[in-house]
Structure formats: C-alpha cells, structure tokens
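**Student:** Following is a predicted model, sequence given first.
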Amino acid sequence: MVKSTQLILVAAYIALWAPATEAGSAAEGAVRGFHTLMPGYWGGDGRPHIAECERFIREVLASRGVNVLVLEVGYNFQYKSCPKIGNLKAVGPDEVKRLVAVCRETGTRLIPELNCLGHQATGPGSLLGEYPDFQEKPGQYPKFLKEPMPEQTRGASYCPLRPEVHKFVFTLLDELAETFDADTVHVGMDEVFAIASSQCPRCAEKDPAVLFAGEVNAIHEHLVSTKRAMWMWGDRFLLARELGVVDWGWATSRNYTHPAVDKVPTGIVVCDWQYERTPATPQFFIRKGFRVVSCPWWMEDVALKQLKMMRDLAADQDKKAAAKSLGIMQTTWVEMQDFITAWNDKIPPLEKQPEWQRKGDFPWKAAKRSASVFKSLSECWRLSDEELSKRLAEKEKEKPRTGAAGELVVWDGDGVAGGVGWAGPQSEAITIRPQEAETHNGKVALEFRGEGKGWIGCLWNWHGWWPEGIGTDITPYTHLSFWIKVTGDAKPESLEAGLTCSTAKKTGALSVTKYCADALDGKWHEVLIPLKDFYDKEKTEFDQQKAQQLYLNTWSQTASKFSIFVDEIGFDSRAAAKP
C-alpha cells in the first residue's frame, strides 16, 4: 500500500499534469509522441546536428501532429552540476535552448530522459565510469541471458542502496529538467537486469521487487518535491505468464521485479513498450491505476493495432479508466540525426558505411524500420475511429503473401512477422519464441523447446491478442502448411498439430508424422495437412473465418528434451499425396 505521504505526492502530481494530455481518442488531447536519442548519445560531438533537428521538429514532427518529444540524453552532455560527469565537447545548454525554443514554437512538450538504475554506461564521464564503487556488483545476470551483454549498453546498474548515489542522480535529473525547462522527466528504468546481486554487500538477499520499487519511489518523491512529473518504461512491472505472452526477459521481467507494480505511486505515467505484439498490457496498467502511453518501434502492424487499442480503451464507458489511456509514442532507438537521414532516404551505400554499421541493426536498419512505421502511424493517428478501422482492415489484407502455388503465408518471421505464443506446462525449460540460429528460409523461425514427461504443448498466435476477434479467413484454402525441424537428445514420442480461432475454439489435433513420416528425423520438412481432416476428425465450433493460432501437442512416456523449429506457417490449395 502507498503511504499517506505518497498519496499527497500523487495528488500533487495529478494536479501538475495538464488535463488535455489525459484524453485518449482521436481528439487533439491524445498523446502523439516521438522518442529519440540526443545527437551524440553514443559518443562524439552532436552539436553540428542541432540545426537539422530544429528543422525536423518544425517541418516534420509538428506537421505530422507530434505533441510530445522525449529526448534521451545520457551522459555525453555538458553537465555543470557534477564536475566529473558528462563531456564538455558534447551537446549542452546552448543547443538545448534552441530545441526548447522550436518546441515552444510548435506547441510540442519536450521531455528529457536520463536512464536511472539500469542501462548504465561505464565509460569516461558516466556515473559508473567516474564512480565505479556505485555499481551493483556485476556477474549476477538472469539465466535467460546466455552470456552477459556489454555492460556499457545493457547490463550495468548502480546500487540503489549506495548512500551517495542519489545525490548524483537527483542532481543530474534536476539539471536536465532546468536546462530543458521541463515539468516532466522520463527516468528510463527499463531492462534492469543487474539487481539484488548476491555479490553486493547492501543488496544481497534483498527482494528485487522491493529494491526496484524503493528506487522508483525515491526518484518519484524527489521529482514531485520539485513540482515535476515522472514518466518511465513499464517492462519491469510485467510478468509474461500472467499476461498470456511468451517473452524471454526484455519486454517483461524474469528477475522478480514485477510485484513492484503494487508498491509504487500510480501518479507515474507508464510508457508500455511492446515491439512485436499487442498484448493487453495497457489494460493491465490501467487496472492497476496508472496512466499509460503505448510505445511501438519497428513493426507497422503492431503500431497500428496499438493505436486502435489505445483508442478503444479511451472510449471505455468507465470515464476514469478511459482517461488513463493517454495515447501512443513512436520509439526509434537511434540518434535523432540518424533517424532524419533514414526519413529523407539518404542512408549511405553499404560500401561507404563503417564496418560496425554494416553488421548490426544500428543505426541504419533501426532508423529505416522506425521511419517507415512512424510515417504510417503519424498518418493514422489523425484518422477517425472508423477510418482507422478501415485502414487496419486494408493492412490485414495486404499482410499475407501469396506465392505461385496459391499459398497464403500468415507467419514467416521476416516479411510476415509479429504474433505471440504460449507454452506449457509453465517452466523455464518450456518456451516458444522467435530466434535466428535455425531457420528454413529467411532470418527468423520459431523454436518450441520442451523438457519433461507427459504432455508438453505450445501455440503461436500470428495475429497477437489484440484487437479482440481478429482472425484469418481460411475458407478459400484446402490445406494447412508449415515447415518443421525436430532436434534433441530425447525427441517426443508423438507430435500433433491443430488450429484455434479467435473465439478460442479448436479443431481436433492430428498426428504430424501421419502427414510427414520423416518429421522427427532432425531435418527440415514441409508438413501439408488437409483442412478437411481437421474438420472431419472432431466436430467443433472452430470458426474457419477467424483462424488465429497453430498449436502443437507432444507426448512422451519417458523424459524428453527437444527443440521443434517451425517456419513459414500458411494455407494453400495444393494437391497433396495421401498420407
């Protein structure tokens, strides 16, 4: 329960927030946000890029209706309040004044962001780089990370119980707020992996949720005491299995921070980032009492579904709940000038890019993807509800690919991606997720991992759980098709497949080896099952016009340990040999 003093702070916070931003429909009050990184965020001098950022805010963001700009700053900034922190050859107050001026001119709320607790840099000029004793002792990473990621980008946290740490954190937050003339600060706090380390003399044996909540509360109390509001990412408050989704620790917590959601003030605005699916996470936060902004990144269909979901929530008959659906914010995860380069279609040819840029997603792949999504999203967020629904329906028709053989592809992880899965019985060893190590065609396939006796199963919903009732009309087709590869030291004794529609009605399950005798031999095989066989085996209420999920069942009398890779799920009307 929130203490009475915290309730007073929450009331002050709510009074601080402009009521117009609490609207959550097509009306002008809805948040139409844009999140990006300050020029020079990853290093170097970002000052030469400020002029193009000014023009972009004025000529593109404002014209497309953006009314909130969250600018993530980091430590490569001319901080004045903490002499060792920052970089005097980076963006500083003079450049920020120019951005503040153009945002005022365009009516854009400018919110600075500084990562707190997690995502801490460790290089020169950073908090942990200059004060390494502040770091939560490294080495205690969640098991889902096969190896620790570079601390400067992912893994490092400061110790929230270190006595001196808040003097620096609060001072830096205050300086950013004053420099940006901001009444709101985004404090990050996503992907906090290093917490409650057994090697930390202060945090060992502490509850991760209590530690996380304590840091959220300390920062929130400080900001409200300075009459400023607080935004933060919401992933550490989520537990995947409670939401019916499969996640391996990025967008939801697997290091036991999730109970903190009931230990922090609900005056905080939660930025709910979900990049590959549309689970009911905004509904979860609203039920908990928080206001929420939905945050897509690189998948257009996910972004538009999130926009529709937030609109629907804002139209709830419960006006108090509806007011908590604030809107949507595009994320980019590249420095602003790199996004502008992609937006203007001026990405340099591959041969002119440094080697590090050719290999990974940053900056150009990420910039190009997010620019494409933002173009569509910013066109759609001004549509009426009816127009948006029509656009979504058109996108659904465009989404599947039809091959020469009349094939309808509903998921291949590349051109037709997205979706969400479930696997059970619930266990760390039983999962289904997209991965890139083993594929049939393209860069991504699903991996269903199982270990144990008896029944082990999974499903993959190629639409995601939202909007409700969405599905694929498979009545024009005669066969279900997918590619499969089964590996492992102890493969399952039997493997079945079936379909589920959006009303949760299933077809009967059919033996995969009946239609592909070699399916368990460790090689890729295409499985082609007549839909009529599903319908004939068991009379159910499965709706052929709303197919939504492929499910797999395995059974083993003795202990099994396997991986089943699935790729290119679709429907077609090819003739198939009799099983």
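**Tutor:** That came in fine, so what should we check first?
**Student:** Give me the below-cutoff pLDDT ranges for the stretch 351-500 of the chain.
**Tutor:** 358-361, 397-406, 465-468 (pLDDT under 70).
**Student:** oh, I was asking about the chain
**Tutor:** 1-28, 138-155, 244-249, 358-361, 397-406, 465-468, 575-579.
**Student:** Kindly list the main-chain dihedrals of the residue nearest in space to the middle of it?
**Tutor:** Centroid check for the chain by C-alpha atoms, centre = their mean gives residue 274 as the closest residue, at 2.7 Å. Residue 274 adopts backbone torsions of phi -140, psi 110, taken as degrees, to the nearest 10.
**Student:** list the contacts for it?
**Tutor:** Residue 274 sits next to 251, 281, 294, 295, 296, 302, 306 when contact means C-beta atoms under 8 Å, 6 or more residues apart in numbering. Using the backbone N, CA and C atoms, a C-beta is placed for each residue, glycine as well.
**Student:** Isn't the second one up against residue 272?
**Tutor:** Which is residue 281. Yes. Residue 281 lies in contact with residue 272 (C-beta atoms under 8 Å); the separation is 5.1 Å.
**Student:** follow-up on the earlier one: could you dump the contacts of residue 274 into a markdown table with distance to residue 470, secondary structure and neighbour count added?
**Tutor:** Output for the contacts of residue 274, formatted as a markdown table (distance: C-beta to C-beta, whole Å; DSSP: H, G, I helix; E, B strand; the rest coil; neighbours: other C-beta atoms under 10 Å):
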| residue | distance to residue 470 | secondary structure | neighbour count |
| --- | --- | --- | --- |
| 251 | 21 | coil | 23 |
| 281 | 17 | helix | 26 |
| 294 | 17 | strand | 29 |
| 295 | 21 | strand | 22 |
| 296 | 17 | coil | 26 |
| 302 | 13 | helix | 23 |
| 306 | 13 | helix | 27 |
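**Student:** Return the member of these nearest to residue 94.
**Tutor:** Distance to residue 94 across the contacts of residue 274 (C-beta to C-beta) is lowest for residue 295, with 30.2 Å.
**Student:** what residues are up against that closest one?
**Tutor:** Residue 295 is in contact with 33, 35, 271, 272, 273, 274, 328, 329, 330, 331, counting by C-beta under 8 Å, 6+ apart.
**Student:** How about residue 53?
**Tutor:** With C-beta under 8 Å, 6+ apart, residue 53 has these contacts: 39, 99, 336, 337, 340.
**Student:** If you rank those residues by neighbours, which is first?
**Tutor:** Neighbour count (other C-beta atoms under 10 Å) singles out residue 336 as the most crowded of these, with 27 neighbours.
**Student:** Nearest residue to it in space, please, no chain neighbours.
**Tutor:** Spatial nearest neighbour of residue 336, excluding adjacent residues (C-beta to C-beta, 6 or more residues apart in numbering): residue 36 at 4.6 Å.
**Student:** residues touching that neighbour, list them.
**Tutor:** Neighbouring residues of residue 36 by C-beta under 8 Å, 6+ apart: 69, 70, 71, 72, 332, 334, 335, 336, 339.
**Student:** okay, now the residue lying closest to residue 171 once chain neighbours are set aside: neighbour count?
**Tutor:** Nearest non-adjacent residue to residue 171, counting by C-beta to C-beta, 6+ apart: residue 81, 4.8 Å away. Neighbourhood size, residue 81 [other C-beta under 10 Å]: 16.
**Student:** Distance of residue 81 relative to residue 99?
**Tutor:** 20 Å (C-beta to C-beta, to the nearest Å).
**Student:** Find out how far the helix or strand residue 166 falls within is from the centre of the chain, if you would.
**Tutor:** Assigned by DSSP states H and E, residue 166 belongs to helix 165-179. Taking C-alpha atoms, centre = their mean, to the nearest Å, one finds the center of helix 165-179 at 27 Å from the center of the full chain.
**Student:** and what of stretch 255-270?
**Tutor:** 17 Å.
**Student:** What distance separates the opening and closing residues of it?
**Tutor:** 19 Å (C-alpha to C-alpha, to the nearest Å).
**Student:** In that stretch, which residues are buried?
**Tutor:** By neighbour count with 16 or more other C-beta atoms under 10 Å, stretch 255-270 contains the buried residues 255-261, 263-270.
**Student:** quick one: which of those residues is nearest residue 29?
**Tutor:** Residue 29 has its nearest neighbour among the buried residues of stretch 255-270 in residue 269, at 14.4 Å by C-beta to C-beta.
**Student:** Make sure I have this right: residue 232 is in a strand.
**Tutor:** Yes. Under DSSP: H, G, I helix; E, B strand; the rest coil, residue 232 sits within a strand.
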